[in-house]
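Novice: need a 3D model of the sequence below.
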Amino acid sequence: MTISAIIMSSKNLVDKMNEEMQAMVKELKIKGVIPGLAVLLVGEHPASQTYVRNKQKRAELLGFNSKVMRYPQEVSEQEILREIEQFNQDDTIHGILVQLPLPKQIDPEKVLNAVNPEKDVDGFHPVNMGKLLIGQPDKLACTPYGIMKLLDYYQIDIIGKTAVVIGRSNIVGKPMAQLLLMNDATVTIAHSKTSHLAEIAKTADILVVAIGRGHFVTKEFIKPGAVVIDVGMNRDAKGKLIGDVKADEVAEIASYLTPVPGGVGPMTITMLLYQTIISAQRTI
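Specialist: This next block holds a predicted model:
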């Protein structure tokens, strides 16, 4: 029997969370606090420019104090570290985001580690990653956090389910696996070098794909009735935005499927802003 997947658009959830966040910001302003978000953007990377523009627009709509610091491609690591330290000491800034990727003369690990963990609204600092690993999460990587919110919104039962995460990055794969594990899923982390990848993926009740290859996951990877979360953001030969999942054929087998665009992406920005508000609340 052919299953036609329910498309897990994030629009309604984002709208709902925007309303909640607007109320939270309003309450903070009454108490004399305006959530402050500082974004550091180096170079002219087109995707980064787009992401930062979207983040800034959303932050300003919510009434944030939003600062975007733009630097030339050749900026020194020392200058970026100095700027981060200034924002660490600035009581009006509650969240600091360093937009990746960074140019080769800048060590991303050194830069991310320089951010005060309490202002690390991206959730990448080793302190925050460590808290997640021991089951005491504070700041979370925004994409996995957004996926968990989306699963909850669509009332996807996680307890006891088999989950496979394709991708092992610190940004998505590892924190995603840990969040699923904390919610009582049985989790396998797979990646581009995994043997028999399609067979392993096909065991998943919940499949999260973050491998960074356009249309990599086809129907051969999908267990009938699986929930499929597509984290991919790729461009095809015509420049069209596509996911890591071949959506048209997977939708015939899966029970739920996130679209690209309009699925995971908007949730990532939403959770970044949400965590900035939480940081601001803690200063009261």
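Novice: can you tell me what sits against the host helix or strand of Asn113?
Specialist: Element membership of Asn113, judged by DSSP states H and E, is helix 108-114. Outside helix 108-114, the residues within contact range by CB atoms under 8 Å, 6 or more residues apart in numbering are 77, 80-81, 84-85, 88, 98, 100-102, 120, 122, 124-126. (Glycine included, C-beta is placed from N, CA and C.)
Novice: do the same with stretch 197-208
Specialist: For stretch 197-208, the surrounding residues in contact (CB under 8 Å, 6+ apart) are 147, 151, 156, 158, 161-167, 172, 176, 180, 185, 188, 190, 194, 217, 220-223, 225-229, 231.
Novice: how far does that stretch stretch from start to finish?
Specialist: Stretch 197-208 has its terminal residues 13 Å apart, counting by CA to CA, to the nearest Å.
Novice: which parts of it are buried?
Specialist: Residues of stretch 197-208 classed as buried by neighbour count (16 or more other CB atoms under 10 Å): 197, 200-202, 204-208.
Novice: and stretch 220-237, by the same measure?
Specialist: By neighbour count on 16+ other CB under 10 Å, the buried set for stretch 220-237 is 221-223, 226-234.
Novice: tell me the one of those residues nearest Val39?
Specialist: Within the buried residues of stretch 220-237, the smallest distance to Val39 is 18.5 Å, found for Met233 (CB to CB).
Novice: these two touch, right, the closest one and Gly265?
Specialist: Yes. Met233 is in contact with Gly265 according to CB atoms under 8 Å; the separation is 6.7 Å.
Novice: determine how far the last residue of stretch 64-78 lies from the first.
Specialist: End-to-end distance of stretch 64-78: 28 Å, with CA to CA as the criterion.
Novice: need the residues that contact that stretch.
Specialist: Applying CB under 8 Å, 6+ apart, the contact partners of stretch 64-78 are 25, 34-44, 52, 56, 59-60, 79-80, 83, 92-93, 103, 105-107, 110-111, 273, 276.
Novice: and these, which of them are in helices?
Specialist: 25, 52, 56, 59-60, 79-80, 83, 110-111, 273, 276 (DSSP state H).
Novice: can you flag the buried ones in those residues?
Specialist: Neighbour-count burial (16+ other CB under 10 Å) is assigned, among these, to 25, 52, 56, 59, 80, 83, 111, 273, 276.
Novice: which ones are touching the second one?
Specialist: This means Val52. 39, 41, 68, 99 are the contacts of Val52 under CB under 8 Å, 6+ apart.
Novice: for the first one, give me its contacts.
Specialist: Under the criterion of CB under 8 Å, 6+ apart, the contact list for Val39 reads 52, 55-56, 66-69, 97, 99.
Novice: repeat the analysis, applying 7 Å as the threshold.
Specialist: Val39 makes contacts with 52, 55-56, 67-69, 97, 99, as judged by CB atoms under 7 Å, 6 or more residues apart in numbering.
Novice: tell me the spacing between Ala198 and Asp230.
Specialist: 16 Å (CB to CB, to the nearest Å).
Novice: return the subset of the buried residues of stretch 197-208 lying in strands.
Specialist: Counting by DSSP state E, these place 206-208 in strands.
Novice: which SS class is Ala237?
Specialist: Under the three-state scheme (DSSP: H, G, I helix; E, B strand; the rest coil), Ala237 adopts coil.
Novice: check it and give its pLDDT.
Specialist: Looking at Ala237, its pLDDT is 90.
Novice: likewise for His45?
Specialist: Looking at His45, its pLDDT is 85.
Novice: also the one 3 residues further on?
Specialist: Reading off the confidence values, Ser48 has pLDDT 87.
Novice: hmm, back to that, which of the contacts of Val39 tops the neighbour count?
Specialist: Using other CB atoms under 10 Å as the neighbour test, these are led by Leu97, with 24 neighbours.
Novice: and the gap between that residue and Gln56?
Specialist: Counting by CB to CB, the gap from Leu97 to Gln56 is 11 Å.
Novice: which two in the buried residues of stretch 197-208 are spaced the farthest apart?
Specialist: Within the buried residues of stretch 197-208, Leu197 and Asp205 form the most distant pair, 17.1 Å apart (CB to CB).
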